[in-house]
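In: return atomic coordinates for the entry below.
(2 chains)
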Protein chains: 2
Amino acid sequence: MANNPLDPLILELAKLPGIGPKSAQRLAFHLLSLPETDVVNMANIMMTVRQSIQYCDTCFNISLSTNCHICSDYSRQHAQLCIVAEPKDIFAIERTQEFKGVYHVLGGLISPLDGAYPDTLRIAELIERLKKSEYSEIILAINPTIEGESTILYLQSLLKSYTVKVSTLAYGLPVGSDMDYADELTLQKAFLGRRWVESK
Amino acid sequence: MANNPLDPLILELAKLPGIGPKSAQRLAFHLLSLPETDVVNMANIMMTVRQSIQYCDTCFNISLSTNCHICSDYSRQHAQLCIVAEPKDIFAIERTQEFKGVYHVLGGLISPLDGAYPDTLRIAELIERLKKSEYSEIILAINPTIEGESTILYLQSLLKSYTVKVSTLAYGLPVGSDMDYADELTLQKAFLGRRWVESK
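Out: Coordinates of the predicted model:
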């Protein structure tokens, strides 16, 4: 459709992940239906957040300053370190409210095919932190994928030279799932990681 | 998560239709991963399009001026008028490249429960157009819903006093569908609207 006045907006919205041409059009019509001030406000927040975001100097989480809101929170356990691949993993873990320590963002996983080697990740920075501070526990909260497993193996061998307890997340059946639908590898991991029920 | 620097952006994106909190977070991270200029550009397009859009004085389609790109296109058949409920219906019809006439946007459908009566729709403007111009055909391209059917009935009785051919869209089985899964009403309409195969 030539000269369609919504086209530039639809094209722009369709660049977003998970937004196809139809969703982009629906979003564009929604934006038209909003008061002008709401759209200006949304656009301003997009620009402001993008322009003001930086990375924490310590853990490399996204932050508004050189010290993120987790690293600067002294009510957290700074001796518990959780290693994650990306800042978005921190969001997922924070939602569980299970972990009260601090984080270290690797900035990816070891994946030679994608050109991601240990020296392209923030592993030198991790070693620096291990030298400077004493940690009681390190949790490798890394996705159970091929790249994740390689990264875990690499970190496990690297961390052997430090006197610190290292753990990985539990693998097994997702809560609410049906054994019948689980893949063999997950069910195998669930068997290997079986836990004894305490007898009373 | 207190003081999360992405929260304002996530909250804003989650206001969009079809975007839940998880998608909003994924979109926010995507926006962070883009170059700053891309985000500023997207935000500017959002504001510019929203601020510059208006409605066509003739057909009430969205437009950048008082005369939309369809009404001002003299290669189209201005004697064929297609009546639709919303501007987004024009987009759907234009994608088919089947219709080369002009449109009239009612701005909704008759729905007394939602407070939408004939006088809240652009029916007075439609009558004005019918008085001013001569149309060879009027197509009621209106969704086959209860509100759509009432609007079609209303328009059909209204248009009786004008010497113009009026048609509605065909109802029947969607292309690629399975009769077994069609609801009774659709299958009934498909029977009622059956077409004779020409014998050669």
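
In: by mean pLDDT, which helix or strand of chain A comes out lowest?
Out: helix A:184-192 (a mean of 82; mean pLDDT, DSSP states H and E).

In: just the buried residues of it, please?
Out: A:186, A:189-190 (16 or more other Cβ atoms under 10 Å in any protein chain shown). Just so you know, the C-beta spots here come from the backbone N, C-alpha and C atoms, and that holds for glycine as well.

In: do stretch A:159-170 as well
Out: Neighbour-count burial for stretch A:159-170 [16+ other Cβ under 10 Å]: A:159, A:166, A:168.

In: which of those fall in strands?
Out: Secondary structure defined by DSSP state E assigns A:166, A:168 of these to strands.

In: ok, of the buried residues of stretch A:159-170, which one's closest to chain B?
Out: A:Thr168 (23.6 Å; Cβ to the nearest Cβ).

In: hang on, the earlier thing: could you dump the buried residues of stretch A:159-170 into CSV with pLDDT and distance to chain B added?
Out: Listed next are the buried residues of stretch A:159-170 as CSV, based on pLDDT from 0 to 100; distance: Cβ to the nearest Cβ, whole Å:
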residue, pLDDT, distance to chain B
A:Leu159, 91, 28
A:Val166, 91, 26
A:Thr168, 89, 24
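
In: nearest to B:Gln25 among the buried residues of stretch A:159-170?
Out: A:Thr168 (24.4 Å; Cβ to Cβ).

In: which residues in chain A form helices?
Out: Per DSSP state H, chain A carries helices over the ranges A:7-13, A:21-33, A:36-52, A:87-96, A:123-132, A:146-159, A:184-192.

In: roughly how far apart are the closest residue to A:Pro21 other than its chain neighbours and A:Leu6?
Out: Spatial nearest neighbour of A:Pro21, excluding adjacent residues (Cβ to Cβ, 6 or more residues apart in numbering or on different chains): A:Ala14 at 5.4 Å. The gap separating A:Ala14 from A:Leu6 is 12 Å, by Cβ to Cβ, to the nearest Å.

In: which one of these two has more residues nearby?
Out: Neighbour totals were compared for A:Ala14 and A:Leu6, and A:Leu6 leads with 23 against 16 (other Cβ atoms under 10 Å in any protein chain shown).

In: thought the more buried one was touching A:Leu27?
Out: No: with contact defined as Cβ atoms under 8 Å, A:Leu6 does not count as touching A:Leu27 (10.4 Å).

In: residue ranges with poor pLDDT in chain A?
Out: For chain A, the stretches with pLDDT under 70 are A:1-3, A:198-200.

In: which residue is nearest the centroid of it?
Out: A:Asp89 (1.9 Å; Cα atoms, centre = their mean).

In: check contacts around that residue.
Out: Contacts for A:Asp89 (Cβ atoms under 8 Å, 6 or more residues apart in numbering or on different chains) come out as A:105, A:141, A:143.

In: right, and out of the residues you listed, which lies closest to chain B?
Out: Of all the contacts of A:Asp89, chain B sits closest to A:Val105, with 12.5 Å by Cβ to the nearest Cβ.

In: tell me, how many neighbours does the residue nearest to the closest one when sequence neighbours are not counted end up with?
Out: Spatial nearest neighbour of A:Val105, chain neighbours left out: A:Phe60 (4.0 Å); criterion: Cβ to Cβ, 6+ apart. Counted with other Cβ under 10 Å, the neighbours of A:Phe60 add up to 22.

In: surely A:Phe60 and A:Arg122 touch.
Out: Yes: here A:Phe60 reaches A:Arg122: they are 5.7 Å apart, a contact under Cβ under 8 Å.

In: shared neighbours of those two, which are they?
Out: Joint contacts of A:Phe60 and A:Arg122 (Cβ under 8 Å, 6+ apart) are A:104-105, A:107.

In: tell me the one of those residues nearest A:Gly176?
Out: A:Val105 (29.4 Å).

In: test my guess that the closest one contacts A:Ile90.
Out: Yes: A:Val105 is within contact range of A:Ile90, at 7.1 Å (criterion: Cβ under 8 Å).

In: mind checking how far the closest residue to A:Pro8 other than its chain neighbours is from A:Leu9?
Out: Spatial nearest neighbour of A:Pro8, excluding adjacent residues (Cβ to Cβ, 6+ apart): B:Ile45 at 5.4 Å. To A:Leu9, B:Ile45 is 6 Å away according to Cβ to Cβ.

In: on that earlier part again, tabulate the contacts of A:Asp89 (JSON lines), appending neighbour count.
Out: Output for these, formatted as JSON lines (neighbours: other Cβ atoms under 10 Å in any protein chain shown):
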{"residue": "A:Val105", "neighbour count": "25"}
{"residue": "A:Ala141", "neighbour count": "18"}
{"residue": "A:Asn143", "neighbour count": "16"}
